[in-house]
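Asker: model the structure of this input:
(4 chains)
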Protein chains: 2
Amino acid sequence: MATRTVAQRREQQRREYDAFMATCPARKLLDRISDKWVSLVLTALTGGPQRYSDLSRRIAGVSQKMLTQTLRTMERDGLLTRTVTAAVPVRVDYRLTALGESLLPLMAAIKAWAETHIEAVERAQAAYDEASAQ
Amino acid sequence: MATRTVAQRREQQRREYDAFMATCPARKLLDRISDKWVSLVLTALTGGPQRYSDLSRRIAGVSQKMLTQTLRTMERDGLLTRTVTAAVPVRVDYRLTALGESLLPLMAAIKAWAETHIEAVERAQAAYDEASAQ
DNA sequence: CGGCATCCTGTGCGATACTG
DNA sequence: CAGTATCGCACAGGATGCCG
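Answerer: I've put the predicted structure just below:
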């Protein structure tokens, strides 16, 4: 029965990891804002409230399913508010909350790092690819 | 033939999006560092070089496949170096480069935001869930 | 020890069609 | 206009086995 420890250790580690993920705020945050579309919605809403259709037009390539899903999640997280205006046709506006806006400096910092270092990264990639091609 | 514009517009938008993704440094960076394991490897290597087996032990729950894949990508991006010491058994050390270390302040900023605002996010989630439960 | 190759499953996500 | 519901599949990623 000694061999079962292999599988058991993995299982144990997975549980440790899950517990870590559940309690680590930074990881949870990264999971959220790193979402494919969250940063784009954040940027699109920086200039002020936008309607659903505006967002879907401004964010090229997003499917309606993912846009809705992203907006719902961000609303749940308190990053934006969803305002329905009863009319024909219906009108729905999305607006960043203070919490959502507090993320903008962080996005700016990420953007700044990227613009400063992306060249170095791409040089490293080129060098790596060339070296492994031989 | 007018109806084909629907599919065509989608296709067009997808191409626009791909072009955007290919040229936006911030998005590319976000895609990298938001990877499930990159931040953990970054953290694990902060204190100095580590061997492969050390990393797999320190980062609970990572599969060997994902750890290797993450390390390869980060090496390719120039974020860390991989040093093989020929011996029996082989010894492999991973160490952050200056480029990799320059990411640490950014990670710290993310961590700081998370720790400052995570409570607000969780309150928002609780409120949202309760409201939608009725 | 530090991997790589293979197989296999879950599910994220796009496409499509329908509704208030 | 602003979604919800359903289907289908590509693909990420875990498990396993082999190798230098």
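Asker: mind listing the helices for chain A?
Answerer: Using DSSP state H, the helices of chain A run over A:4-23, A:25-33, A:38-44, A:52-58, A:64-76, A:98-101, A:104-133.
Asker: looking at those, which is closest to DNA strand D?
Answerer: DNA strand D sits nearest to helix A:52-58 of all the helices of chain A, at 2.9 Å, using Cβ to the nearest atom of the strand. Quick note: C-beta positions are derived from backbone N, CA and C, even for glycine.
Asker: and the closest one, average pLDDT?
Answerer: Mean pLDDT, helix A:52-58: 94.
Asker: close to DNA strand D, is it?
Answerer: Yes: Helix A:52-58 lies within reach of DNA strand D by Cβ under 7 Å from any atom of the strand, at A:Y52, A:S53, A:D54.
Asker: can I get stretch A:73-89 in PDB, CA atoms only?
Answerer: The C-alpha coordinates for stretch A:73-89 follow below in PDB (Å, rounded to 0.1, in the frame of the first residue of the first chain):
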ATOM      1  CA  THR A  73     -18.800  39.400 -13.600                       C
ATOM      2  CA  MET A  74     -17.500  43.000 -13.400                       C
ATOM      3  CA  GLU A  75     -20.900  44.100 -12.100                       C
ATOM      4  CA  ARG A  76     -20.800  41.400  -9.500                       C
ATOM      5  CA  ASP A  77     -17.400  42.400  -8.500                       C
ATOM      6  CA  GLY A  78     -18.500  46.000  -8.000                       C
ATOM      7  CA  LEU A  79     -16.300  47.300 -10.800                       C
ATOM      8  CA  LEU A  80     -19.200  48.800 -12.700                       C
ATOM      9  CA  THR A  81     -22.900  49.500 -12.500                       C
ATOM     10  CA  ARG A  82     -25.600  48.500 -14.900                       C
ATOM     11  CA  THR A  83     -28.500  50.900 -15.400                       C
ATOM     12  CA  VAL A  84     -31.600  49.900 -17.300                       C
ATOM     13  CA  THR A  85     -33.800  52.600 -18.700                       C
ATOM     14  CA  ALA A  86     -37.300  51.300 -19.400                       C
ATOM     15  CA  ALA A  87     -38.200  52.500 -22.900                       C
ATOM     16  CA  VAL A  88     -38.800  51.100 -26.300                       C
ATOM     17  CA  PRO A  89     -36.400  50.000 -27.200                       C
END
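Asker: buried set for that stretch?
Answerer: A:T73, A:M74, A:E75, A:R76, A:D77, A:G78, A:L79, A:L80 (16 or more other Cβ atoms under 10 Å in any protein chain shown).
Asker: just stretch A:118-134 next, same as before
Answerer: Under the neighbour-count rule (16+ other Cβ under 10 Å), stretch A:118-134 has A:A120, A:V121, A:A124, A:Y128 buried.
Asker: likewise stretch A:18-28?
Answerer: A:C24, A:P25, A:A26, A:R27, A:K28.
Asker: coming back round to it: could you pick out which of the buried residues of stretch A:118-134 are near chain B?
Answerer: A:A120, A:V121, A:A124, A:Y128 (Cβ under 8 Å from any Cβ of the partner chain).
Asker: what is the mean pLDDT for stretch A:123-134?
Answerer: Rounded mean pLDDT across stretch A:123-134 is 91.
Asker: CA atoms only for that stretch, dumped as PDB, please.
Answerer: Output of stretch A:123-134 as PDB, limited to C-alpha atoms (Å, rounded to 0.1, in the frame of the first residue of the first chain):
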ATOM      1  CA  ARG A 123      14.600  40.400 -28.400                       C
ATOM      2  CA  ALA A 124      14.800  37.600 -25.900                       C
ATOM      3  CA  GLN A 125      12.200  35.600 -27.800                       C
ATOM      4  CA  ALA A 126      14.000  36.100 -31.100                       C
ATOM      5  CA  ALA A 127      17.300  35.100 -29.600                       C
ATOM      6  CA  TYR A 128      15.700  32.000 -28.000                       C
ATOM      7  CA  ASP A 129      14.000  31.000 -31.200                       C
ATOM      8  CA  GLU A 130      17.100  31.300 -33.200                       C
ATOM      9  CA  ALA A 131      19.200  29.400 -30.800                       C
ATOM     10  CA  SER A 132      16.700  26.500 -30.600                       C
ATOM     11  CA  ALA A 133      16.300  26.400 -34.400                       C
ATOM     12  CA  GLN A 134      19.800  25.100 -34.800                       C
END
